[in-house]
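> With the input below, show me the fold.
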Amino acid sequence: MVEESEEPATARARFRVGQPVHHRLFDYRGVIFDVDATFGASEDWYEAMARSRPPKDKPWYHVLVHDSEHTTYVAERNLEPDLTGAPIAHSLVEHFFTGFESGLYLPRTRQN
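Have a look, this model is predicted:
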């Protein structure tokens, strides 16, 4: 039997950190900078913001929004791959990533 670790969260996720995505409902592009295996915000946030009531037991993504200064928290079912191959313009891209190659961002390694 294999012990569960952080790996199952990303193993179940359809998208990964550094992947550009497109929001199906709100038609914006962005890049994923973190992944939650399941919904991780408050119930109040969900009630106020998640009007389409996406499932809480599926992956959710933290996204830097292209041509914006804000980030979003998005359910997996509302995302699709961004196939434009174009980079994402956001002031925090360099904070989370070291470069952009072959349509993907290269995540910075975390050091203490």
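> so where's this structure uncertain?
1-11, 110-112 (pLDDT under 70).
> My guess is residue 35 contacts residue 17. True?
Yes. Residue 35 lies in contact with residue 17 (CB atoms under 8 Å); the separation is 6.3 Å. Where you see a C-beta, it was placed from the backbone N, CA and C, and this is true even at glycine.
> ok, how many other residues are close to residue 26?
Neighbour count for residue 26, taken as other CB atoms under 10 Å: 10.
> Repeat that for residue 89.
Counted with other CB under 10 Å, residue 89 comes out at 12.
> Secondary structure element holding the closest residue to it other than its chain neighbours?
Sequence neighbours aside, residue 67 is the residue nearest to residue 89 in space, at 5.2 Å (criterion: CB to CB, 6 or more residues apart in numbering). Following DSSP states H and E, one finds residue 67 outside all helices and strands.
> Same question for residue 80.
strand 79-81.
> Please name every helix or strand in contact with that strand.
Applying 3 or more CB pairs under 8 Å, 6 or more residues apart in numbering; DSSP states H and E, we find strand 79-81 packed against strand 20-23.
> partners of the strand it packs on in the sheet?
Strand pairing for strand 20-23, using DSSP bridges, gives strand 29-36 (antiparallel), strand 79-81 (antiparallel).
> now the strands for this structure?
20-23, 29-36, 60-65, 71-75, 79-81, 97-101, 104-107 (DSSP state E).
> who touches the fifth one?
Around strand 79-81, the neighbours that count as contacts under CB atoms under 8 Å, 6 or more residues apart in numbering are 14-15, 19-24, 61, 63.
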